[in-house]
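Q: sequence unknown, structure follows:
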C-alpha cells in the first residue's frame, strides 16, 4: 500500500514490544490500518493521544524514529469475480505473479448476519466417506473442525472432502501452513482440475506469525462476497486454527492482558465465534460452510483451543487409525455433526438415523469386547460376533478410501446386521425391520 | 443531560471524559459519524467514565462526543412481546432491515401502532400501588395484565380508568392520583431497569408444585418445581442444547422465555423455524405463541451478551406479575460469565480463579435468586422457573462458573461425556445429578398427593437400583463375568432396564420425545415390578439375552401411543416374557 497526499506521518515511537509499538498521534480511529517503517500495522488501543499498534510482520529492527502512516480505514479486501483461481498472502495481495484485483473494497471482519434472516441449513454435503455421510452428515452452512494430532493426515482428508463436495467455490485460509502442505493443496487442486474454483489466502511458516491473524477474515470476506452477492455455495477451509490462536495469545501477551486458561486470552471464545459464525445459509441460496483443522497436543481436547472451538462449532470430526484394518477412519465415537438431524432420514432414507445408531452401538460393544480380551477374560459368543462385525464395518464402510453413496452404506449395514446378529440384538423400530430385514 | 468526550479505546471498553454527573450503569450514546453507539457506564474514576459499548468500536476516535441519558439499561414492557425475537438489548430483530446487522440500528421492542382490546379490572376510586392490575388485554391466549408501573412508589387512587374498548399502547388508560394530589397518566407501556429485580409481589414462599417437563429423567428421577432453579452443566456434545430445547417444547408452562446467550446462531434458527410450526399440546396453538426468544448469539457484541440474560429475566418478572407460570431458559450462562471476564480483564481488575472476576459467585447467585414462586397482591400466584446451562471448560466441573452456579441452583442435571459417547440420551447422569426439591416435605407431599401415594418411595427405589447396578457393573469389570455371583449380573441388568426405558428418551421421536406424568407413573410401576421379580438363570450367559428381549419390548412401548392397541400388545408380550423365567 502506498502513501497518499495529506496523510499525517508520525516519527516518534514511545515504546516498542515484540509485536506492538506506541506512538503519539491524534485523530486516529480504533481498528485503523497504518504502516510502521513500511510494515502493515493495526490500531489496537488508544489512550488519549497514545496510540498502540500491532505490527503484523513483527517489530524486529523498528527504530523509535520509524515513520508511522495512518490510512484512515480498517483492513480491506478487494472483492470481485476475479478472485477465483488466485493465490494471496495474508494482506490480500497476489502471490501468484498475476495482476492486482480490480474490485469493490470491503472492510474485513464486517458485521454479522441478523439471526432472523438466516435460513435453516437443510442441504446435505455428500463426501462418499461413510464416517461423514453415514455417521456425521455435513450440511451447507455448517461449521465443523477436524480435531487431529499433528501426525494424522488431516490435510489429505480435508482436501478429499473439499474436492468431493459439490460447491461453487473453495476458499483456503492457510495459517502457519508448512510450505510442503501449501504445495500439497496447490497440486491437489490443480490435479483435480478445479483451480478456477479455488481462492487461497496463505500465511506459511516462513511468514511472520502475527500476519496470520488476518487470514481467516480475508478468506471469510471473500466467502461472503460469493455467498451473499453471487448466491454461490462456498466451502471455506481453515487450517490450522491452533496456530491462529497461538498468534492471538502472542498479541494479548504483548499487550499485558491477563491470560485465562492455557495462556490464551480471555476473549478467545468470542474471537473464535466471530469467525466460525460466518458460516451461514442465506435465504437466496448462497451458503458458507466452514471446515477447519484444530491440531491437538496428544489428543487433549480439554485444552482451551479445542475446548472453546467445540462449544462454537457444530460438531467435530476425529480421525483414528483402525488397527483391525490398518486404515484411517473417522472415529465413530468421538465425532459428531450437530446438524445431521436436519437431513438424516429426511434428505436420506428413513432408516438412516436408526441404522447409524445401531451400527455405532454395536461397534461400541466390540470395543468393550476388545477391552475384555486385553484384560484376559473369556469372550462370549455375542462378543465374538461384535468383533467380527466391527472388522467388516470398518473395512467395507468406514475406511476413508471407500467412496460410496449413502443408500449403499445403509444397505451394507443391514447386510452386516443380518450376518452377525439376531433381530432382538438389533433393536430397530419394527417399522424398519419389516422393510429391510430379509427373513432367511 | 451530561455530555462527554471519548478519551481512550481498548476494544469495546471506551473511556469518556464527562462534564457533569454520571451514575454507575447509566446508558450513554457515543456519536460516531451519523451512527449512535449505545454504551453502559461500568466504572467511574475522577472525571473519566469507563463505558462498555454494545457494538463494534471500529473507527471510533478520541474526541468523538457522548450523550448520557440519565437512566440505566431498561426494557420496554407492554402487550405485544409474545412470540417476538429480540436481541440482548431488546431490539426487535424482525424490524431490522437487511441481511447483516447494521451498527447503531435500534428498533422498538413494542408495536406502537398496534391496538388492543382493553377490559378494566379496577374502577375509579380504588386504591392501588405498583404491580396492581388495572385491566387486561388479550395477547395471544394470555390475559395480559396492564399494571400500575413498578416504578411508582407508594399508594395511589384511581381518578379515572378507560372503559372496555380498543386502545393503542400509547393511549392513556388510567389516571392515578398520589397522596399529594398530583395526577399521573398511565398507558400500556412501562420501562424497568434490567439489573434491578421487580419486587411488586407479596411473598416468595418455598416452591412446592411439580413443573412437568416431559423429560423422564428429570420428571421422574430429579423433578423440577414451579419457581425452582436448576442448571445443566456438560462438556460440548453432551446434549445441553437439545435437552433445553426439548424442555422448552414440552414443559407445562404458560410461557417460555429463551435466552440464547452467546451460543450458535443455527441453533436459534432452529427455534425460529420449528416453534412457529410445532403445536403446543396445552393450548392447541403454535409453540411460538407462548415463546419469547432473546437472541444474542456468539458473534454478536459481547457486552450485549452480558445484558441479554438480564433482559430475559426482567421480561419474565413482568409476566410473572400477571399470575403466569414462566419458564426461563438460558443457554449458556458460561458465555455470560465469559462476557464479565472479558470486561473485567480490559478494566485491568485483579483477577479471581481462571481470570474470572472475583464477584462472580455473588453475581450468579443474585441472578438465580430472581427466579421463584410468588403470591401476588390480588391472591393470584405466579412463578419463574429458571434452568441455565453451563459449559465448563474442558468438561471439568471444578471450574468457577460451575462451582458458583452449584451454590445458587437447587437442581443439578450433570451431563456425562461417557453417556453421550455411548448415545445414552439425554445424557443426564442419574447418579451425580440431584434435585434438592425431592427433600422438601412440601414437594414430597405434593407428589404423593398428585401422582400416587408411593411415588417418592418408588423414585428413591429406582435410584437405589441404578446405584446398585453401577456397583455390580464395576465388580463384574474387575472380577470378570464368571468371577461374580449370577445375582451381580441380574442386578446390573435390572439397572439397565431402568436406564434404557425410564431414563433414555428419543428427543427426535414423535411419541417418545415427551412423556406425560400419567405415562411416567405407569412405566415406572411397570419397570419396578419387573425389578422386584426373581428370575431363574443357569448361567450368566442367559441373563443378557433375556433382559435385552425385555428391554426391546419396553422400548417399542415407548415408541407407540400410550395404551394404544399396539402398546397393549407389547405389554402383553412383556408379561408373557417375564413369566418365562419367574423363580418359584
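A: That came through, no problem. Since we're looking at a predicted model, the values are computed, not measured.
Q: And the pLDDT for residue B:389?
A: Looking at residue B:389, its pLDDT reads 94.
Q: Return the residues in contact with it.
A: B:231, B:232, B:233, B:234, B:240, B:241, B:244, B:330, B:331, B:332, B:333, B:334 (Cβ atoms under 8 Å, 6 or more residues apart in numbering or on different chains). Every C-beta, even on glycine, is put in place using the N, C-alpha and C of the backbone.
Q: which one of these sits closest to residue B:383?
A: residue B:330 (16.4 Å; Cβ to Cβ).
Q: helix, strand or coil for the residue of the stretch 301-440 of chain A at minimum distance from chain B?
A: At 3.1 Å from chain B, residue A:302 is the closest residue in the stretch 301-440 of chain A, using Cβ to the nearest Cβ. For residue A:302, the assignment made with DSSP: H, G, I helix; E, B strand; the rest coil gives coil.
Q: Could you tell me how many residues sit around it?
A: For residue A:302, the neighbour count with other Cβ atoms under 10 Å in any protein chain shown is 16.
Q: what do you get for residue B:381?
A: Neighbour tally, residue B:381, other Cβ under 10 Å: 19.
Q: bridging residues for it?
A: residue B:375 (DSSP bridges).
Q: for the stretch 251-400 of chain B, what spans make up the strands?
A: In the stretch 251-400 of chain B, the strands defined using DSSP state E, counting those that start in this stretch lie at B:255-261, B:291-296, B:325-331, B:372-375, B:381-390.
Q: picking up where we left off before, the residue of the stretch 301-440 of chain A closest to chain B - nearest residue in space that isn't next to it in sequence?
A: Once flanking residues are discounted, residue A:302 sits nearest to residue B:394: 3.1 Å by Cβ to Cβ, 6 or more residues apart in numbering or on different chains.
Q: And for residue A:281?
A: Closest to residue A:281 by Cβ to Cβ, 6+ apart is residue A:141, at 3.3 Å.
Q: ok so, going back, residue B:399 is in contact with the residue of the stretch 301-440 of chain A closest to chain B, correct?
A: No. With contacts counted by Cβ atoms under 8 Å, residue A:302 stays clear of residue B:399, the gap being 10.7 Å.
Q: Mind listing the shared neighbours of these two?
A: Common neighbours of residue A:302 and residue B:399, counting by Cβ under 8 Å, 6+ apart, are residue B:393.
Q: how close does residue B:211 sit to residue B:247?
A: 10 Å (Cβ to Cβ, to the nearest Å).
Q: Not counting its own residues, what contacts the longest helix anywhere in chain A?
A: Ordering each helix of chain A by length in residues (DSSP state H) puts helix A:352-374 first. Contact with helix A:352-374 is made by A:134-135, A:332-333, A:341, A:344-345, A:379, A:382-384, A:386-387, A:389-390, A:393, A:397, A:406, A:410, A:413-414, A:416-417, A:421, A:426-429, A:432, B:421-423, B:508, as judged by Cβ under 8 Å, 6+ apart.
Q: ok, of the residues you listed, which come out buried?
A: A:134-135, A:332-333, A:341, A:344-345, A:382-383, A:386-387, A:389-390, A:393, A:397, A:406, A:410, A:413-414, A:416-417, A:421, A:426-429, A:432, B:421-423 (16 or more other Cβ atoms under 10 Å in any protein chain shown).
Q: Which members of these occur in helices, if any?
A: Per DSSP H, the buried ones among the contacts of helix A:352-374 map to helices at A:382-383, A:386-387, A:389-390, A:393, A:406, A:410, A:413-414, A:416-417, A:426, A:432, B:421.
Q: now for those residues, which pair is the farthest apart?
A: Farthest pair in those, by Cβ to Cβ: A:383 and A:406, 29.7 Å.
Q: any idea which element residue B:145 lies in?
A: strand B:142-147 (DSSP states H and E).
Q: between that strand and strand B:255-261, how many degrees?
A: 80 degrees (axes from the mean of the first three to the mean of the last three Cα atoms, to 10 degrees).
Q: ok, strand B:142-147: who's next to it in the sheet?
A: For strand B:142-147, pairing defined by DSSP bridges yields strand B:133-139 (antiparallel).
Q: how's chain B carved up into domains?
A: Domain assignment for chain B by automatic domain parsing gives B:3-72, B:111-188, B:216-431, B:455-580.
Q: Can you tell me the closest non-neighbouring residue to residue A:168?
A: residue A:232 is the one closest to residue A:168 (Cβ to Cβ, 6+ apart), at 3.8 Å.
Q: List the residues that contact the residue in the stretch 101-250 of chain B positioned nearest to chain A.
A: Nearest residue of the stretch 101-250 of chain B to chain A (Cβ to the nearest Cβ) works out as residue B:236 at 3.8 Å. Applying Cβ under 8 Å, 6+ apart to residue B:236 gives the contacts A:307, A:310, A:311, B:391, B:395.
Q: List just the nearest of these to residue A:189.
A: Looking across the contacts of residue B:236 and measuring by Cβ to Cβ, the closest to residue A:189 is residue A:310, at 29.0 Å.
Q: burial count for the closest residue to residue B:415 other than its chain neighbours?
A: Nearest residue to residue B:415, sequence neighbours excluded (Cβ to Cβ, 6+ apart): residue B:234, at 2.8 Å. A count of nearby residues for residue B:234, using other Cβ under 10 Å, gives 29.
Q: Please verify my assumption that residue B:263 contacts residue B:295.
A: No. With contact defined as Cβ under 8 Å, residue B:263 does not reach residue B:295; the gap is 9.1 Å.
Q: Roughly how far does the nearest residue to residue B:360 once chain neighbours are set aside sit from residue B:352?
A: Closest residue to residue B:360 apart from its sequence neighbours, by Cβ to Cβ, 6+ apart: residue B:404 at 5.3 Å. Separation of residue B:404 from residue B:352 (Cβ to Cβ): 10 Å.
Q: I appreciate the help and will end here.
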